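Colleague: I'd like to go over a predicted model; first the sequence, then the structure.
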Amino acid sequence: MSNSERVPVELCKGVNGLDKVVLREVRGSSAEVYLYGGHVTSWKNEHGEELLFVSSKAIFKPPKPIRGGIPICFPQFSNHGPLEPHGFARNRFWSIDTDPPPFPTTSSSKAFVDLILKPSEEDLKIWPHSFEFRLRVTLGPGGDLMLTSRIRNTSTDGKPFSFTFAYHTYFSVSDISEVRVEGLETLDYLDNLQNKERFTEQGDAITFESEVDKIYLSTPTKIAILDHEKKRTFVIRKDGLPDAVVWNPWDKKAKAMADFGDDEYKHMLCVETAAVEKQITLKPVGSLILRGSSRAAKNPILGSKSCTGALLQHVVGA
């Protein structure tokens with residue numbers, strides 16, 4: 001199939017017969033989104049190189065969440081609340097939204113899909129708030145990936161609700177010991193390995209030599225992941241998400257996870273745009289837009305501003 005004949009959006013079957021949407025951009029980049037979880041499981045550049053990590057042991061079988069890609073953590077991040085860790089959005093079936101409301105951003109891309117999630121009766125028993133969660137996944141003309149979440153409070157009782165949130169993005173890296181993260185220097189963070197105690201990051205770029213699980217606070221709109229071995233830089237841009245979570249389980253926790261290979265921690269890094277420290281509150285008929293985008297780029301000189309990969313992530317109330 002020539003580039004001019006590429007179908008920009010295709011609904012097809014994925015692992016275990018689960019429905020997925022494949023997005024294709026004319027230059028050759030692609031992305032895959034499963035309706036189960038509203039879950040992005042693949043993002044490839046124009047050379048066919050996979051930019052996201054999905055475990056070889058990932059279980060594509062409800063009600064287990066998919067290990068890797070970009071899980072949606074809603075209405076709760078991790079154990080920051082009474083619900084199951086990371087909430088329930090990542091293990092519910094989303095629907096394709098055939099009539100989304102007007103979108104606040106314009107894009108020339110034809111490679112996008114709109115999904116929607118509404119609570120079931122069972123969901124309302126464990127989290128008694130009526131909502132509409134709309135997710136647009138867009139593959140831009142240059143191969144950038146953009147996720148925009150629009151969350152509405154649709155309750156009729158006049159009560160607001162609050163939630164925490166994250167795009168739990170797993171990036172594929174060559175070797176975790178050869179990776180550094182820029183943009184979070186000198187910021188305060190909560191260390192989940194030390195009872196969420198608050199510390200201040202030192203002035204250097206973040207590198208990895210052991211388990212890390214930190215929530216950085218009041219983070220900038222742009223964060224970069226530099227992979228020295230692949231000469232690749234990921235640029236993450238975000239809007240409406242003040243926090244950033246950095247996570248790698250390292251060897252002991254990797255071996256303890258049934259859906260994660262023992263040595264796979266070496267080839268992944270989670271940098272998650274999030275709203276964790278302070279809950280987001282929506283009034284009835286209030287809405288929020290949370291945006292995020294990523295770009296992945298090949299850089300002949302690491303540290304330069306040009307890049308070959310970008311992920312844009314937003315959460316929007318609308």
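Modeller: Arrived safely. Note that the structure is a prediction, hence the values are computed from the model and not measured.
Colleague: And the strands in the stretch 51-200 of the chain, which stretches?
Modeller: Applying DSSP state E, counting those that start in this stretch to the stretch 51-200 of the chain gives strands spanning 72-73, 95-96, 112-117, 131-139, 145-153, 161-167, 170-172, 179-182, 188-191, 197-200.
Colleague: a markdown table please, covering these and showing mean neighbour count.
Modeller: Using the backbone N, CA and C atoms, a C-beta is placed for each residue, glycine as well. Shown next, in a markdown table, are the strands of the stretch 51-200 of the chain (neighbours: other C-beta atoms under 10 Å):
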| stretch | mean neighbour count |
| --- | --- |
| strand 72-73 | 26 |
| strand 95-96 | 14 |
| strand 112-117 | 22 |
| strand 131-139 | 23 |
| strand 145-153 | 26 |
| strand 161-167 | 24 |
| strand 170-172 | 23 |
| strand 179-182 | 20 |
| strand 188-191 | 18 |
| strand 197-200 | 11 |
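Colleague: Geometric centre of the protein: which residue is closest?
Modeller: Y167 (3.0 Å; C-alpha atoms, centre = their mean).
Colleague: Tell me, how many residues neighbour P249?
Modeller: 18 (other C-beta atoms under 10 Å).
Colleague: Skipping its backbone neighbours, what lies nearest it in space?
Modeller: Of all residues not flanking P249 in the chain, Y265 sits nearest, at 5.4 Å (C-beta to C-beta, 6 or more residues apart in numbering).
Colleague: Let me see the ranges of the helices in the chain.
Modeller: Using DSSP state H, the helices assigned to the chain run over residues 121-126, 250-256.
Colleague: Ok, which of those comes nearest D243?
Modeller: helix 250-256 (21.6 Å; C-beta to C-beta).
Colleague: contacting residues for the residue nearest to P249?
Modeller: Contact analysis of Y265 by C-beta atoms under 8 Å, 6 or more residues apart in numbering lists I176, N248, P249, W250, D251, K253, A254.
Colleague: quick one: which two of those residues are the most distant?
Modeller: Pairwise distances across these (C-beta to C-beta) peak at 13.3 Å, for the pair I176 and K253.
Colleague: out of these two, which sits in the more crowded spot?
Modeller: Using other C-beta under 10 Å, the more surrounded residue of I176 and K253 is I176, with 18 against 14.
Colleague: Now for the more buried one: which residues touch it?
Modeller: F208, N248, Y265, K266, H267, M268, L269.
Colleague: Of those residues, which belong to strands?
Modeller: N248, M268, L269 (DSSP state E).
Colleague: will you turn the residues you listed into JSON lines that also has pLDDT and distance to S78?
Modeller: As requested, the ones in strands among the contacts of I176 are arranged in JSON lines below (pLDDT from 0 to 100; distance: C-beta to C-beta, whole Å):
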{"residue": "N248", "pLDDT": "98", "distance to S78": "15"}
{"residue": "M268", "pLDDT": "98", "distance to S78": "17"}
{"residue": "L269", "pLDDT": "98", "distance to S78": "17"}
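Colleague: now, which of the residues you listed sits nearest S294?
Modeller: Nearest to S294 among these, with distances taken as C-beta to C-beta, is L269, at 12.8 Å.
Colleague: Report the beta-bridge partner residues of the closest one.
Modeller: F171 (DSSP bridges).
Colleague: what's the distance between it and S218?
Modeller: 21 Å (C-beta to C-beta, to the nearest Å).
Colleague: In terms of neighbours, single out the busier of these two.
Modeller: Counted by other C-beta under 10 Å, L269 and S218 do not tie: L269 has more neighbours, with 24 against 10.
Colleague: got the contact list for the more buried one?
Modeller: Taking C-beta under 8 Å, 6+ apart, one finds Y170, F171, V173, I176, V179, V181, F208, I225, V246, W247, N248 in contact with L269.
Colleague: Save those residues as a markdown table, and put in distance to N16 too.
Modeller: Shown next, in a markdown table, are these (distance: C-beta to C-beta, whole Å):
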| residue | distance to N16 |
| --- | --- |
| Y170 | 20 |
| F171 | 25 |
| V173 | 27 |
| I176 | 29 |
| V179 | 32 |
| V181 | 34 |
| F208 | 33 |
| I225 | 31 |
| V246 | 31 |
| W247 | 27 |
| N248 | 28 |
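Colleague: returning to that earlier point: might you report the residue contacts of the residue nearest to the centre of the chain?
Modeller: Per C-beta under 8 Å, 6+ apart, neighbours of Y167: I70, I72, C73, L147, L241, E272, T273, A274, G292, Q313.
Colleague: got a winner among those for most neighbours?
Modeller: Highest count within these by other C-beta under 10 Å belongs to T273, 33 neighbours.
Colleague: thought V271 was touching I236?
Modeller: Yes. Judged on C-beta atoms under 8 Å, V271 makes contact with I236 at a distance of 6.3 Å.
Colleague: Spit out the residues that contact those two alike.
Modeller: With C-beta under 8 Å, 6+ apart as the test, V271 and I236 both reach T169, I223, I225.
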